[in-house]
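> What follows is a predicted protein model with its sequence.
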Amino acid sequence: MAIFAPNPWRWAGVAAWLLMALSFQPTLRFYRRSPLWGLALPAIGALYTAFTVQSAIDVWRGRGGAWKGRAQALAGRP
């Protein structure tokens, strides 16, 4: 919303983005990270969503989880 929405909704998106970044500041301080990482949360969330969807597609296709080029067998399958 902060980037693509029309004007009144854009400000709501910007406010949500800033509130999210501000609420993440204690965690960033605890791990001694730059406060600017809070601004990257939407991109990080999008990446985790993409990884989760890709994993679900792999399981649906019967591949199971893959790590370092090896696929884990699904439970209950030979």
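Sure, I can see it.

> which residues sit against the one helix or strand W11 maps to?
Assigned by DSSP states H and E, W11 belongs to helix 7-23. Residues outside helix 7-23 that contact it (C-beta atoms under 8 Å, 6 or more residues apart in numbering): 1-3, 5, 38-39, 41-42. Yep, even glycine has a C-beta here, placed from its N, CA and C like the rest.

> Among these, name the buried ones.
By neighbour count, with 16 or more other C-beta atoms under 10 Å, those hold 38, 42 as buried.

> Make JSON lines out of the contacts of helix 7-23 and add secondary structure.
Putting those into JSON lines (DSSP: H, G, I helix; E, B strand; the rest coil) gives the following:
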{"residue": "M1", "secondary structure": "coil"}
{"residue": "A2", "secondary structure": "coil"}
{"residue": "I3", "secondary structure": "coil"}
{"residue": "A5", "secondary structure": "coil"}
{"residue": "G38", "secondary structure": "helix"}
{"residue": "L39", "secondary structure": "helix"}
{"residue": "L41", "secondary structure": "helix"}
{"residue": "P42", "secondary structure": "helix"}
